[in-house]
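S.K.: structure, please.
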Amino acid sequence: MAAAGATGRHGHRDKTLILIAYRHGLRVSELVALRWESIDLKTGLIHINRLKNGVASTHPLQGIETLQ
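M.R.: Residues are numbered from 1 along each chain as shown. All right, here's what the predicted structure looks like:
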């Protein structure tokens, strides 16, 4: 995360994406499929559409995720 955050023009975005993928166990395809409509900042929830026969679910955003 430190390397992603310090490299390139979009370091902050890349660092945040790595954190969200790790915390929520997302595949790359699930991560890149996220849209702003999937994230509710008021309630602190993120809707995940799972691939490969997974079940869609809603995850809470907690701790450092909300501060990024």
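
S.K.: C-alpha from now on. contacts and neighbour counts both.
M.R.: Fine.

S.K.: so where do the helices sit in this structure?
M.R.: With helices called from DSSP state H, the chain shows them at 2-6, 11-24, 28-32, 64-67.

S.K.: which of the ones you listed sits closest to residue 49?
M.R.: In terms of CA to CA, the element of the helices of the chain nearest to residue 49 is helix 28-32, at 6.9 Å.

S.K.: from residue 35, how far out is residue 10?
M.R.: With the distance defined as CA to CA, to the nearest Å, residue 10 ends up 17 Å from residue 35.

S.K.: circling back to that earlier point, need the least confident one among the helices of the chain, by mean pLDDT.
M.R.: Of all those, mean pLDDT reaches its minimum on helix 64-67 (a mean of 63).

S.K.: neighbours of the closest residue to residue 29 other than its chain neighbours, just the number please.
M.R.: What sits nearest to residue 29 in space, not counting adjacent residues and going by CA to CA, 6 or more residues apart in numbering, is residue 51, at 8.0 Å. Residue 51 is flanked by 12 other residues according to other CA atoms under 10 Å.

S.K.: isn't residue 51 right next to residue 32, touching?
M.R.: No. Because the distance of 11.9 Å does not satisfy CA atoms under 8 Å, residue 51 is recorded as not touching residue 32.

S.K.: residue 27 versus the residue nearest to the spatial centre of the chain, what's the distance?
M.R.: Taking CA atoms, centre = their mean, the centroid of the chain lies closest to residue 20, which sits 3.4 Å from it. Residue 20 sits 11 Å away from residue 27, going by CA to CA.
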